[in-house]
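Student: Pasting the sequence and the predicted model now:
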Amino acid sequence: MICIGSTMALLYKLLNGIYFPKLCRKQDAARSFLLGPLFAGHPSRLYSSIKKPETDSGRSSPEGKTQGGLEKQAENNELSLELISPEEKIEVNFDKAIKDEIKYHFKLLKKELIDHWKGPEGRPYHEVLLENARVMWQFRSNEDLDKWLVTSDKMIGGKSKAFLKMANNNQSALFYGILNTELPHDGETKQSGYCAVTSKIPRGAFERKKYYDWSNFNTLYLRVRGDGRPWMVNIKTDTDLIHKSHLLHSYFMFTRGGPYWQEVKIPFSKFFFSNKGRIQDRQHQLLTDQISSIGFTLADKVNGPFYLEIDFIGVFHDPAHTEEFAYEKNKRISQILDS
């Protein structure tokens, strides 16, 4: 009975908005657990219903801050937590939060239905069929950076550092950091030293996964400016199944270094099939109608600083390229692997 009482007391405190300093992300996770998967990954809209009373000192309300109580620092490009004094009472209105969330998703669903009626992505079919090129990602503001995730070997205890910010002219994104191949002292990790930036998987109404359809195109088109290092361009397709989460189609991109931009064109037929960074004996063609994300990985085992500046990422149809798949599909190897 004591254990049940303690659990109910803790639940009551969470639902009444007790704020844990420096642990705002854990509190959002608790809300997501309590309110179900519908609101997972959306602490900002739930947090928008939390209003802090104004104080005499003139301190601003958290409504003016960025998502999840995180404020971007433009000068040092780092993130800092907005702390709220425990003496200040937080008003929580979960009913309003739930209603706002449901309205938001039904609004998205309505837009998707209208766009589907008009044509792909809300455009007429004749316009889509005649399209020869499309810009998928470009970097002109910090909102464009929010569509990307930065990872490194810090996730496994490594010491590499990676950052993503807008360049000085606000016309491109700069992915930079320091690569460090030193192994963590855990006695298990055998390899370390990688940094990556990956686009987020697009989401529709009620957190449904959406995919990019590039079936009308045959070439990836990039405008980048690098440091002379070899980068791995990774394309991920449908990853609903757990055993497919590490499957990628990859290809190398060799940057020249120096102050000049370079335009990189990679046919989709050149992308090879890999699993956890290892090229597979059995190769599969990239299916371009269910693209979920694209990313860039640096893992050349060279310690030191790196940078990759990206102007835009697009796709286009090259009529001169007729190759469907560049790699041999060996039936004998497939039979051995199947046995």
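Tutor: Happy to help now that I have it. Residues are numbered from 1 along each chain as shown.
Student: Enumerate the positions of the biggest helix by length in the chain that are buried.
Tutor: Determined from DSSP state H, the single longest helix within the chain is helix 94-118. For helix 94-118, the neighbour count (16 or more other C-beta atoms under 10 Å) marks Phe94, Ala97, Ile98, Glu101, His105, Leu108, Glu112 as buried. For every residue, glycine as well, the C-beta is placed using N, CA and C.
Student: just stretch 246-264 next, same as before
Tutor: For stretch 246-264, the neighbour count (16+ other C-beta under 10 Å) marks Leu247, Leu248, His249, Ser250, Tyr251, Met253, Thr255, Val264 as buried.
Student: Next, give phi and psi for Lys270.
Tutor: The phi and psi torsions at Lys270 (degrees, to the nearest 10) take the values phi -90, psi -10.
Student: Enumerate every residue touching it.
Tutor: By C-beta atoms under 8 Å, 6 or more residues apart in numbering, the contact list for Lys270 reads Tyr251, Ala326.
Student: what about it, distance to Arg282?
Tutor: According to C-beta to C-beta, to the nearest Å, Lys270 and Arg282 sit 17 Å apart.
Student: got the residue ranges for the helices in this protein?
Tutor: Ranges of helices in the chain, per DSSP H, are 2-15, 24-35, 43-47, 94-118, 125-129, 142-145, 331-338.
Student: count of residues packed around the closest residue to Gly257 other than its chain neighbours?
Tutor: Nearest residue to Gly257 in three dimensions, chain neighbours excluded: Gly228, at 3.1 Å (C-beta to C-beta, 6 or more residues apart in numbering). Gly228 has 10 neighbours, counted by other C-beta atoms under 10 Å.
Student: Can you name the residues that contact Gly228?
Tutor: Thr255, Arg256, Gly257, Gly258.
Student: For Ser293, state which of those is nearest.
Tutor: Thr255 (21.1 Å; C-beta to C-beta).
Student: What sits closest to the closest one if chain neighbours are left out?
Tutor: Excluding the flanking residues, the one nearest Thr255 by C-beta to C-beta, 6+ apart is Gly226, at 2.5 Å.
Student: likewise Leu149?
Tutor: Closest to Leu149 by C-beta to C-beta, 6+ apart is Thr198, at 5.1 Å.
Student: cool, Leu248 as well?
Tutor: Asn234 (4.7 Å).
Student: what residue ranges in the stretch 101-250 of the chain are flagged as low confidence?
Tutor: Low-confidence segments of the stretch 101-250 of the chain, defined by pLDDT under 70: 116, 118-123, 125-130, 239-245.
Student: just the strands in it please.
Tutor: 133-138, 148-152, 161-166, 173-179, 195-199, 219-226, 230-237, 247-254 (DSSP state E, counting those that start in this stretch).
Student: isn't Glu263 right up against Leu222?
Tutor: Yes: using C-beta atoms under 8 Å, Glu263 is in contact with Leu222, at 7.2 Å.
Student: bridging residues for the residue lying closest to Ser199 once chain neighbours are set aside?
Tutor: Closest residue in space to Ser199, ignoring its immediate chain neighbours: Ser293 at 4.6 Å, by C-beta to C-beta, 6+ apart. Assessed by DSSP bridges, Ser293 has beta-bridge partners Lys236.
Student: List the contacts of Ser293.
Tutor: Contacts of Ser293 (C-beta under 8 Å, 6+ apart): Thr198, Ser199, Lys200, Ile201, Ile235, Lys236.
Student: Check what pLDDT it gets.
Tutor: Looking at Ser293, its pLDDT is 94.
Student: mind checking how far it is from Arg208?
Tutor: Distance of Ser293 to Arg208, computed by C-beta to C-beta: 15 Å.
Student: check contacts around Lys161.
Tutor: For Lys161, the contacting residues are Ser152, Lys154, Gly177, Ile178, Asn180, Cys195, by C-beta under 8 Å, 6+ apart.
Student: which of these are buried?
Tutor: Neighbour-count burial (16+ other C-beta under 10 Å) applied to those gives Ser152, Gly177, Asn180, Cys195.
Student: Excluding covalently adjacent residues, which one is nearest to the last one?
Tutor: Pointing back at Cys195 there. Leaving out its chain neighbours, the residue that sits closest to Cys195 by C-beta to C-beta, 6+ apart is Ala162, at 3.9 Å.
Student: farthest-separated two in the buried residues of stretch 246-264?
Tutor: Pairwise distances among the buried residues of stretch 246-264 were taken by C-beta to C-beta; the largest, 25.7 Å, belongs to Leu247 and Thr255.
Student: Now for Met136, how many residues are close by?
Tutor: Per other C-beta under 10 Å, the neighbour tally for Met136 reads 16.
Student: How about the one 10 residues further on?
Tutor: Using other C-beta under 10 Å as the criterion, Asp146 is surrounded by 12 other residues.
Student: which residues does the spatially closest residue to Ser172 that is not a sequence neighbour contact?
Tutor: Spatially, and ignoring its direct neighbours in sequence, Ser172 is nearest to Asp311 (4.8 Å; C-beta to C-beta, 6+ apart). The neighbours of Asp311, taking C-beta under 8 Å, 6+ apart as the test, are Gln138, Phe139, Gln171, Ser172, Arg223, Val224, Arg225, Trp261.
Student: how about a markdown table for these, with distance to Glu328 added?
Tutor: Formatted as a markdown table, the contacts of Asp311 follow (distance: C-beta to C-beta, whole Å):
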| residue | distance to Glu328 |
| --- | --- |
| Gln138 | 36 |
| Phe139 | 38 |
| Gln171 | 42 |
| Ser172 | 38 |
| Arg223 | 32 |
| Val224 | 30 |
| Arg225 | 35 |
| Trp261 | 35 |
